[in-house]
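Trainee: my questions are about this predicted structure, shown below with the sequence.
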Amino acid sequence: MLKNKFVAKRVRDDRLRKRIREKVKGTPERPRVHVFKSNTYLYTQVINDAEGAVLLTASTLEKEFKEKSKNGKNKKASGLLGEILANRLKAKKIEKVVFDRGVYPYHGRIKTLAEAMRKAGIQF
(Lines give C-alpha, C1' and ligand atoms only; values in the text may rest on other atoms or scores of the structure.)
Protein backbone atom coordinates (compact mmCIF):
# COMPACT_ATOMS: atom_id res chain seq x y z
CA MET A 1 0.00 0.00 0.00
CA LEU A 2 1.36 3.38 -0.99
CA LYS A 3 1.24 5.91 1.82
CA ASN A 4 1.69 9.05 -0.19
CA LYS A 5 -1.40 10.12 -2.19
CA PHE A 6 0.73 11.81 -4.81
CA VAL A 7 2.70 8.62 -5.47
CA ALA A 8 -0.51 6.58 -5.62
CA LYS A 9 -2.00 8.97 -8.18
CA ARG A 10 1.20 8.88 -10.24
CA VAL A 11 1.17 5.05 -10.30
CA ARG A 12 -2.52 5.02 -11.27
CA ASP A 13 -1.96 7.55 -14.06
CA ASP A 14 1.02 5.62 -15.40
CA ARG A 15 -1.07 2.44 -15.62
CA LEU A 16 -3.88 4.29 -17.39
CA ARG A 17 -1.48 6.02 -19.78
CA LYS A 18 0.15 2.69 -20.67
CA ARG A 19 -3.24 1.04 -21.27
CA ILE A 20 -4.36 3.88 -23.55
CA ARG A 21 -1.08 3.96 -25.48
CA GLU A 22 -1.38 0.24 -26.28
CA LYS A 23 -4.59 1.01 -28.17
CA VAL A 24 -3.85 4.45 -29.64
CA LYS A 25 -1.00 4.54 -32.17
CA GLY A 26 -0.06 7.36 -34.52
CA THR A 27 0.92 6.58 -38.11
CA PRO A 28 2.13 8.86 -40.92
CA GLU A 29 -1.39 8.81 -42.40
CA ARG A 30 -3.16 9.29 -39.03
CA PRO A 31 -0.86 10.90 -36.47
CA ARG A 32 -1.75 10.97 -32.78
CA VAL A 33 -2.93 14.20 -31.15
CA HIS A 34 -1.78 14.10 -27.53
CA VAL A 35 -3.22 16.53 -24.96
CA PHE A 36 -1.63 17.63 -21.69
CA LYS A 37 -3.69 19.73 -19.33
CA SER A 38 -2.29 21.67 -16.42
CA ASN A 39 -4.31 23.85 -14.07
CA THR A 40 -3.36 26.92 -16.08
CA TYR A 41 -2.46 25.86 -19.63
CA LEU A 42 -3.35 23.33 -22.31
CA TYR A 43 -0.68 21.77 -24.55
CA THR A 44 -1.15 19.63 -27.66
CA GLN A 45 1.28 17.68 -29.82
CA VAL A 46 0.73 15.88 -33.11
CA ILE A 47 2.98 12.81 -33.08
CA ASN A 48 3.96 10.22 -35.67
CA ASP A 49 4.68 7.17 -33.49
CA ALA A 50 6.16 5.14 -36.35
CA GLU A 51 9.11 7.56 -36.56
CA GLY A 52 8.86 8.93 -33.03
CA ALA A 53 8.61 12.46 -34.39
CA VAL A 54 6.55 15.45 -33.26
CA LEU A 55 4.96 17.00 -36.35
CA LEU A 56 3.13 19.97 -34.80
CA THR A 57 2.52 21.62 -31.47
CA ALA A 58 0.05 24.15 -30.13
CA SER A 59 -0.50 25.52 -26.66
CA THR A 60 -2.26 28.28 -24.81
CA LEU A 61 1.16 29.86 -24.11
CA GLU A 62 1.83 30.81 -27.75
CA LYS A 63 1.86 34.36 -29.01
CA GLU A 64 -0.72 33.54 -31.73
CA PHE A 65 -3.13 32.25 -29.09
CA LYS A 66 -2.59 35.10 -26.65
CA GLU A 67 -3.40 37.66 -29.37
CA LYS A 68 -6.87 36.12 -29.71
CA SER A 69 -7.66 35.23 -26.10
CA LYS A 70 -6.72 36.73 -22.74
CA ASN A 71 -7.68 33.71 -20.62
CA GLY A 72 -6.11 30.33 -21.37
CA LYS A 73 -7.86 28.08 -18.88
CA ASN A 74 -11.53 27.95 -19.82
CA LYS A 75 -13.61 26.07 -22.39
CA LYS A 76 -13.65 29.00 -24.80
CA ALA A 77 -9.84 29.02 -24.81
CA SER A 78 -9.63 25.28 -25.46
CA GLY A 79 -12.05 25.66 -28.38
CA LEU A 80 -9.85 28.38 -29.84
CA LEU A 81 -6.79 26.17 -29.39
CA GLY A 82 -8.59 23.37 -31.25
CA GLU A 83 -9.25 25.70 -34.18
CA ILE A 84 -5.61 26.82 -34.27
CA LEU A 85 -4.38 23.21 -34.22
CA ALA A 86 -6.86 22.19 -36.92
CA ASN A 87 -5.68 25.02 -39.18
CA ARG A 88 -2.06 23.93 -38.71
CA LEU A 89 -3.00 20.32 -39.51
CA LYS A 90 -4.76 21.42 -42.70
CA ALA A 91 -1.71 23.46 -43.71
CA LYS A 92 0.33 20.23 -43.43
CA LYS A 93 -2.39 18.40 -45.43
CA ILE A 94 -3.37 16.13 -42.53
CA GLU A 95 -7.12 15.46 -42.45
CA LYS A 96 -7.36 12.39 -40.18
CA VAL A 97 -5.86 11.98 -36.72
CA VAL A 98 -6.12 9.74 -33.66
CA PHE A 99 -7.10 11.59 -30.46
CA ASP A 100 -5.16 10.73 -27.31
CA ARG A 101 -6.79 12.31 -24.26
CA GLY A 102 -4.08 11.03 -21.95
CA VAL A 103 -5.20 10.36 -18.40
CA TYR A 104 -7.86 13.07 -18.49
CA PRO A 105 -11.58 12.23 -18.75
CA TYR A 106 -13.29 13.20 -21.99
CA HIS A 107 -15.24 16.19 -20.71
CA GLY A 108 -14.73 19.88 -20.10
CA ARG A 109 -11.71 21.44 -21.79
CA ILE A 110 -10.61 18.17 -23.44
CA LYS A 111 -14.03 17.61 -25.03
CA THR A 112 -14.26 21.23 -26.19
CA LEU A 113 -10.83 20.96 -27.83
CA ALA A 114 -11.84 17.78 -29.69
CA GLU A 115 -15.19 19.22 -30.82
CA ALA A 116 -13.51 22.38 -32.13
CA MET A 117 -11.09 20.26 -34.17
CA ARG A 118 -13.98 18.22 -35.59
CA LYS A 119 -15.90 21.39 -36.42
CA ALA A 120 -12.86 22.70 -38.32
CA GLY A 121 -12.85 19.56 -40.49
CA ILE A 122 -10.39 17.17 -38.81
CA GLN A 123 -11.64 13.57 -38.65
CA PHE A 124 -11.06 11.19 -35.74
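Mentor: Right, received. Where do you want to start?

Trainee: give the contact list for the spatially most central residue of the chain.
Mentor: Computing the C-alpha centroid of the chain and ranking residues by C-alpha atoms, centre = their mean puts Val35 first, at 2.2 Å. Applying C-beta atoms under 8 Å, 6 or more residues apart in numbering to Val35 gives the contacts 42-44, 99-102, 104, 110, 113. From N, CA and C alone the C-beta is placed, and that goes for glycine too.

Trainee: that one belongs to a strand, doesn't it?
Mentor: Yes - assessed with DSSP: H, G, I helix; E, B strand; the rest coil, Val35 lies in a strand.

Trainee: quick check: it vs Asp14, distance?
Mentor: Distance, Val35 to Asp14, by C-beta to C-beta, to the nearest Å: 17 Å.

Trainee: what does Leu113 give?
Mentor: Distance, Leu113 to Asp14, using C-beta to C-beta: 23 Å.

Trainee: neighbour-wise, which of these two wins?
Mentor: It is Leu113, of Leu113 and Asp14, that has more neighbours when counted by other C-beta atoms under 10 Å, with 28 against 11.

Trainee: assign that one to helix, strand or coil.
Mentor: For Leu113, the secondary-structure state derived from three-state DSSP is helix.

Trainee: look up the pLDDT of it for me, please.
Mentor: Leu113 carries a pLDDT score of 96 in this model.

Trainee: the nearest residue to Gly26 once chain neighbours are set aside: neighbouring residues, count only.
Mentor: Nearest residue to Gly26, sequence neighbours excluded (C-beta to C-beta, 6 or more residues apart in numbering): Arg32, at 3.1 Å. Residues lying near Arg32 (other C-beta under 10 Å) number 20.

Trainee: cool, and Glu95?
Mentor: 14.

Trainee: residue ranges with poor pLDDT in this protein?
Mentor: By pLDDT under 70, the low-scoring segments of the chain are 1-2.
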